[in-house]
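Peer 1: Quick one, structure for this:
(2 chains)
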Amino acid sequence: MTMQEVLTAVLMVSGALFMLVAALGVLRMPDLFLRMSASTKASSFGSGLILLAAAAHFAEIGVTSRVVATIVYLLLTTPIAAHMLSRAGYFVGVKLSDRTVIDELAHQYDLRTHRLASRTPTTSVGETDTVSPES
Amino acid sequence: MTVTDLALYGVMPILALAMMLAFVRLLRGPSLPDRVVAVDLLTALSIGVIATYAIATEQTALLDVAIVLALVSFLGTVAFAYYIERTV
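Peer 2: The predicted structure is shown next:
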C-alpha cells in the first residue's frame, strides 16, 4: 500500500461522489437554473478529480500533460456552455421554481435584438414602483 | 489487491448510478434545455468513466478518448444553445 495508490483511490472516490451529487442535483432540483447550477460546478470538479486520479496512478509525463490539458479545457468551456444554455432557456421562457423570490432579469431583455438593457423596469412592467428614488 | 483496485469496485457503481439518475432527467425533463443539461452531465460522467476505465485496464490511450469527448461535448452544448435561442 504505497502513497501513490492511496492518493489515486482518494481522488477517484471523491471525484465519483461529486459526480453523484451532480446527478442527484440534476434529478431533484426544481428548476432549470438550479439544475444547471448543481450539474455544472460539481460535474466539472468531479471529472477533474477523476482525471487527476489517472495522472497520479500512471505518473508519466505524457499522461499528466494530457490530464492537465483536459482539466484546463473543461474549466474553460463548462461555464461558457452553461451560460449560453441558461441564457437560451431564459429566452424560451422556462418556468422558474414556485419558491423563486425575485427575478431580477424580468423585462431587462429586448426580445427582438436579444440584447440586455441596463434600465430599471419602471414603465414597461406596469407595476407600482415602491422603491423610493435614491437622493 | 491494492487500494486502487478496491476503490474501483466502489467508483464504477457510483458512476453508473449517477448515469442512471441523469438518464431519468433526460427522459422526464419538461423542456428541451433540461434535456440538454442531462446530456451535458452524461458526457461529463462518460469522461469520468473513461478515466476510471483507463486506470482499471492500465491503458493510457483511453485518455485521448476523454479529451475528444470533452471537445465534442462543448461543441454539442453550444450548438444546442444556439438552436434553442434561435427558435424564439
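Peer 1: ok, A:Gln57 to chain B distance?
Peer 2: Just to correct that, residue A:57 is His rather than Gln. Going from A:His57 to chain B by C-beta to the nearest C-beta, to the nearest Å gives 5 Å. Glycine gets a C-beta too; all of them are placed from N, C-alpha and C.
Peer 1: Not counting sequence-adjacent ones, nearest residue to that residue?
Peer 2: A:Thr8 (4.4 Å; C-beta to C-beta, 6 or more residues apart in numbering or on different chains).
Peer 1: Does the one you found lie in a helix or a strand, and which?
Peer 2: helix A:3-28 (DSSP states H and E).
Peer 1: Name the residues of the following helix or strand past that helix that are buried.
Peer 2: Next along the chain after helix A:3-28, taking DSSP H and E as the criterion, comes helix A:32-58. Using 16 or more other C-beta atoms under 10 Å in any protein chain shown as the test for burial, helix A:32-58 gives A:32-36, A:38-58.
Peer 1: again with stretch A:68-86
Peer 2: Under the neighbour-count criterion of 16+ other C-beta under 10 Å, stretch A:68-86 has A:70-71, A:74, A:77-78, A:81-82, A:84-86 buried.
Peer 1: again with stretch A:18-32
Peer 2: The neighbour-count check on stretch A:18-32 (16+ other C-beta under 10 Å) flags A:18-27, A:29, A:31-32 as buried.
Peer 1: Now do that stretch: everything it contacts.
Peer 2: Applying C-beta atoms under 8 Å, 6 or more residues apart in numbering or on different chains, the external contacts of stretch A:18-32 come out as A:34-35, A:37-39, A:41-43, A:45-47, A:49-50, A:86, A:89, A:94-100, B:14-15, B:17-19, B:21-22, B:24-25, B:31, B:33-34, B:37-38, B:41, B:44-45, B:48.
Peer 1: How far off centre is it?
Peer 2: Distance of stretch A:18-32 from the chain centroid (C-alpha atoms, centre = their mean, to the nearest Å) equals 11 Å.
Peer 1: Please apply the same query to stretch A:92-105.
Peer 2: 17 Å.
Peer 1: out of everything not next to it in sequence, what's closest to the spatially most central residue of chain A?
Peer 2: With distances taken as C-alpha atoms, centre = their mean, the residue of chain A nearest its centroid is A:Thr40 (3.3 Å). Counting by C-beta to C-beta, 6+ apart, A:Ala82 is the residue found nearest to A:Thr40 once chain neighbours are left out, at 4.3 Å.
Peer 1: how near is that neighbour to A:Gly62?
Peer 2: For A:Ala82, the distance to A:Gly62 equals 31 Å [C-beta to C-beta, to the nearest Å].
Peer 1: ditto for A:Asp103
Peer 2: A:Asp103 is 49 Å from A:Gly62, by C-beta to C-beta.
Peer 1: again, but for B:Val88
Peer 2: 46 Å.
Peer 1: Now the terminal residues of stretch B:49-63, how far apart.
Peer 2: One end of stretch B:49-63 sits 10 Å from the other (C-alpha to C-alpha, to the nearest Å).
Peer 1: For that stretch, buried residues please.
Peer 2: Using 16+ other C-beta under 10 Å as the test for burial, stretch B:49-63 gives B:49-56, B:60, B:62-63.
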